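Below are the sequence and a predicted model for it; my questions follow.
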Amino acid sequence: MRSDVEEEFADFVRARQHALVRFGYLLTGDRMAAEDLTQTALARLYLKWDSIRQAGAMEAWVRKVMVNEHTSWWRRAWRRRETVDFDAAHFADRAAKPDPPTDDDGLWQHVLTLPPRQRAAVALRYYEDLTEAQTAEILGCSIGTVKSQTHRALATLRTRLAEVPA
Amino acid sequence: MSGTESGPRGPVDDLERRLADSLHRSLDPLTAGSDLTAPAIARSRRLRRNRAVLVGTPTVLAALVIAAPFALSSLREDGRLIDPGPARPMVTGEASSPRPSTTTRPSTAPSTTPRPPVTAAPTLDADAPPSVTSRPSFTAGTGAPDVSYVRGTTVHDLVRDREVSLQVTRGSQLGGVDGLFADGSPLGTVLSGGEWDVVIWDGETGALQTRLPGGTILALDSERTLAAYSDAAERLHVIRSDGTVVATAPRPGLLAVGIIGDVVYVNDIRSERQQGYTWNLRTEALEPFDGRFGPAHAGSGLVVFLPAPGAGSGTCFRLLDARADLAVRWTACGDFYPTAFSPSGELLVGGLGIDGGSPYDLWVMRSSDGARVLHVDANRTGLMLTGSAVDDRDRALTVVAQNADLEEGLVRCPLDGSACTVVGKPERLDTTTASGISPPAWQVLR
């Protein structure tokens, strides 16, 4: 029989897991990696459930963990300067084989090539429809940084779309 | 489509609209494959159990730390003790008696070495706030590096006061420089034809001396005489600065995390928990441990150990003394997870595990007492920290930082909390390479 805490946590997970997996998919470009990322973040949330629930910021906290965790994977896999890490290699391999895009203009593919923070900023602003302040809170940066990262991401997407016409 | 118009986020243009539409079209149909509650709780319990097992009740903890050599022996997977006789509980402060050497014993802990008095090994709060916080940025004042570094393909060896331009053959690109051997020879990787090769260059001329195909460097002995690398078949080798292979691991899948004397600390990536082993180069014996090893420091004889289960999850780790048969110095529980020692062994550098291992933060912890002395917080400035090194005098941490424009530079942050300075001018990374991987603009050498 589940405790009250477990029930509360389960309610939160059931209500938000699909949205979180979508966010994970936006970050990783891979369905399995998205679920792993979500599960990792939820496990950490459960560890700190009491304090974070009281603050009433569970979802923002989970998204923050997901952004950090994914950026860490990306960093290790991309630069390959650190000790080989099984998880990193595992996820890098997955990330290299994204699911086929379902849009017809290749925009999704271009989004996946953005650096992780720019991709996260784009996801939060244009998919989650968060404000710049909310995005800054999740990314742990200033509003100015959100503006500049979003601007750079859009500039990159414009350039890439111009290079390969839709 | 028309140009800019207004929306709930403010003015939006065609691209922003297309972007939002595209993201929704791609993502809205996606759902979680199953209820994530149970697996998340199970994983969470694993983390918590790890912490609980390590901390235990005060009585258990006291027994654990007073009979420290016994406690560590019990971590050996088969439960076998080095000295099969009954562990003799010791009174705090009493010197432990030396035990006879066996063939599997690390040679760094010879039987004739007197052990220091065993005192209660404390459990520390690795979540304790740091003494000071520094915020690196690329707009800070400028200074000069106080650690050896690499700019492009030029090694700046501050110990020998020389610059060496590394030979990188046509069609190859520099992957990275992992360190300098004691004779000054740089050790690194080059990327060529999609393969990462381990390379040793001449320390004076920069000429390519040794090329070991298909490998990754894993650890450099902090005395700089030996290095461990894994080949394309995940077989671990230990080499000298002239490229001579000193030893090859008895089976594949072992990754080295540290070398102290004749003992290489490895983890088995083919096992579910990445089980740790000591690999004795002299006896060739592999001894399993119930947990996973972290970085090791030859000068101080210290080794980081993450007991199973949940090893590597950033909950608890132990600092072991290889000179005292891996006795526990202390256990730290919390988010901090160390990834490297300072050259002196006095400091540990690492990040947080529990909130996702943010690449925008670094912490420095004192290895003598586990005190957190510095938090390098680059969140506000949006700098991703991709490398770090502490200077020989333990005065500052120099980080390799990268901004959202993919510019990379060096920033030095003193441990006393005084202002950080830019010691390597930010330079744009080359993102046009055929490999798709940017060669580093700056690196620091530990």
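Perfect, thanks for sending it.

For chain A, which segments are assigned as helices?
Assigned by DSSP state H, the helices in chain A fall at A:4-28, A:31-47, A:49-55, A:58-79, A:86-95, A:107-112, A:116-122, A:132-139, A:143-163.

and those helices, which one is worst for confidence?
Per-stretch averages of pLDDT across those put helix A:86-95 at the bottom, with a mean of 36.

Which residues of the stretch 301-446 of chain B lie near chain A?
The stretch 301-446 of chain B has residues B:339, B:354-360, B:379-382, B:384, B:386-387, B:404-406, B:437, B:440, B:443 near chain A, with proximity defined as CB under 8 Å from any CB of the partner chain. All C-beta spots, glycine's among them, are computed from the backbone N, C-alpha and C.

mind listing what residue 16 touches?
No chain in the question, so chain A it is. A:Met58, A:Glu59, A:Val62 (CB atoms under 8 Å, 6 or more residues apart in numbering or on different chains).

Not quite, go with chain B.
If you count contacts by CB under 8 Å, 6+ apart, B:Glu16 has them with A:Tyr126, A:Leu154.

Lowest mean pLDDT among the helices and strands of chain B, which one is it?
Of the helices and strands making up chain B, the lowest-confidence element is helix B:58-66, at a mean of 31, by mean pLDDT, DSSP states H and E.

So which of the helices of chain A is the most surrounded?
helix A:116-122 (a mean of 25; mean count of other CB atoms under 10 Å in any protein chain shown).

Which elements pack onto that helix?
Applying 3 or more CB pairs under 8 Å, 6 or more residues apart in numbering or on different chains; DSSP states H and E, one finds that helix A:116-122 contacts helix A:4-28, helix A:58-79, helix A:107-112, helix A:132-139, helix A:143-163.

could these be laid out in a markdown table, adding distance to B:Leu166?
Written out in a markdown table, the entries for these read as follows (distance: least, CB to CB, whole Å):
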| stretch | distance to B:Leu166 |
| --- | --- |
| helix A:4-28 | 35 |
| helix A:58-79 | 18 |
| helix A:107-112 | 33 |
| helix A:132-139 | 36 |
| helix A:143-163 | 31 |
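
count of neighbours near B:Pro130?
Around B:Pro130 there are 18 other residues, counting by other CB atoms under 10 Å in any protein chain shown.

Equivalent analysis for the one 5 residues further on, please.
Look at B:Arg135: counted by other CB under 10 Å, it has 17 neighbours.

With B:Arg211 instead?
B:Arg211: 15 surrounding residues under other CB under 10 Å.

I'd assumed B:Asp197 was in contact with it.
Yes - distance between B:Arg211 and B:Asp197: 5.4 Å, which falls inside the contact criterion (CB atoms under 8 Å).

between these two, what contacts are shared?
Where contact means CB under 8 Å, 6+ apart, the residues bridging B:Arg211 and B:Asp197 through contact with each are B:Val190.

Now do the same for the residue nearest to the spatial centre of chain B: its pLDDT.
By CA atoms, centre = their mean, chain B has its centre lying nearest to B:Thr339, at 2.6 Å. B:Thr339 is assigned a pLDDT of 89 by the prediction.

and it, which of the three is it?
With DSSP: H, G, I helix; E, B strand; the rest coil as the basis, the three-state label of B:Thr339 is strand.

Help me confirm that it comes into contact with B:Pro295.
Yes - in this structure B:Thr339 lies within contact range of B:Pro295 using CB under 8 Å: 6.4 Å.

quick revisit: what about the closest residue in space to the residue nearest to the centre of chain B that isn't next to it in sequence, distance to chain A?
For B:Thr339, the nearest residue in space outside its immediate sequence neighbours is B:Gly350; the separation is 4.6 Å by CB to CB, 6 or more residues apart in numbering or on different chains. From B:Gly350 across to chain A, the span is 12 Å (CB to the nearest CB, to the nearest Å).

Understood, closing this out.
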